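Peer 1: Sharing a model prediction with you, sequence too.
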Amino acid sequence: MIEILKRNDKEKIKEIVSKNFGFKLDIPFHLIKQAKDKVRIYTGNLGANDLVTLDRILTIDSIGLYFAFSKVNEFRLSFDASILYGRDSREFIELTEKEAKEWLSGRDIDKKTGKKGYFLIKYMQDILGCGKATNEKLLNFLPKERRIPLQ
């Protein structure tokens, strides 16, 4: 079952994105919350009521672009959202070339950053996705289909 997010929910997401990732998010589209705490962006021609009705009839499994994982105290941008919006970010963790190769292979990175929470991961000018910084390491959420094996 889908839920079309209301204006105040969109505003909360804008605040979270600005605070956590350091960029302003313009939302001229529908944000849809689906099972498993996924938030999706929908820019099609169907209105909110049409989407809900369609979901009742057909049970929409996925619609639009996967934007973020959202739980009570967690908000992680998807890989695609990181790439689309990350260039404007002021909050990121920079990797070395060696770390970037490990990251792109799907490995967690042993790196003490002094930061905690979700951050965009960057190598030079390239955004490599979104990861979670802990005291000891960066946890990798790169989708398996986007990983590049280490040579």
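Peer 2: That came through fine.
Peer 1: C-alpha from now on. contacts and neighbour counts both.
Peer 2: OK.
Peer 1: residues in contact with Leu5?
Peer 2: Leu5 makes contacts with 30-33, as judged by C-alpha atoms under 8 Å, 6 or more residues apart in numbering.
Peer 1: again, only this time at 10 Å
Peer 2: 11, 13, 30-33, 39, 48 (C-alpha atoms under 10 Å, 6 or more residues apart in numbering).
Peer 1: Name all residues that make contact with the closest residue in space to Ala68 that isn't next to it in sequence.
Peer 2: The shortest distance from Ala68 to any non-neighbouring residue, by C-alpha to C-alpha, 6 or more residues apart in numbering, is to Leu77 (4.3 Å). With contact set as C-alpha under 10 Å, 6+ apart, Leu77 has these partners: 17, 21, 38-39, 66-70, 83, 85-86, 118-120, 129-131, 141.
Peer 1: Repeat the analysis, applying 7 Å as the threshold.
Peer 2: Listed by C-alpha atoms under 7 Å, 6 or more residues apart in numbering, the contact set of Leu77 reads 67-69, 130.
Peer 1: where do the helices sit along the protein?
Peer 2: Under the criterion DSSP state H, the chain contains helices at 7-21, 48-58, 79-85, 97-104.
Peer 1: what's the least confident helix or strand in this structure, going by average pLDDT?
Peer 2: helix 48-58 (a mean of 83; mean pLDDT, DSSP states H and E).
Peer 1: For that helix, buried residues please.
Peer 2: For helix 48-58, the neighbour count (16 or more other C-alpha atoms under 10 Å) marks 48, 51-52, 55 as buried.
Peer 1: can you redo these as TSV with distance to Ile148?
Peer 2: Below are the buried residues of helix 48-58 laid out as TSV (distance: C-alpha to C-alpha, whole Å):
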residue	distance to Ile148
Ala48	38
Leu51	36
Val52	38
Asp55	36
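Peer 1: Farthest pair within those?
Peer 2: Farthest pair in the buried residues of helix 48-58 (C-alpha to C-alpha) is Ala48 and Asp55. Separation: 10.7 Å.
Peer 1: Show me the strands in this protein, by range?
Peer 2: Ranges of strands within the chain are 3-4, 30-34, 38-42, 65-71, 74-77, 92-94, 109-110, 117-123, 126-133, 137-140, based on DSSP state E.
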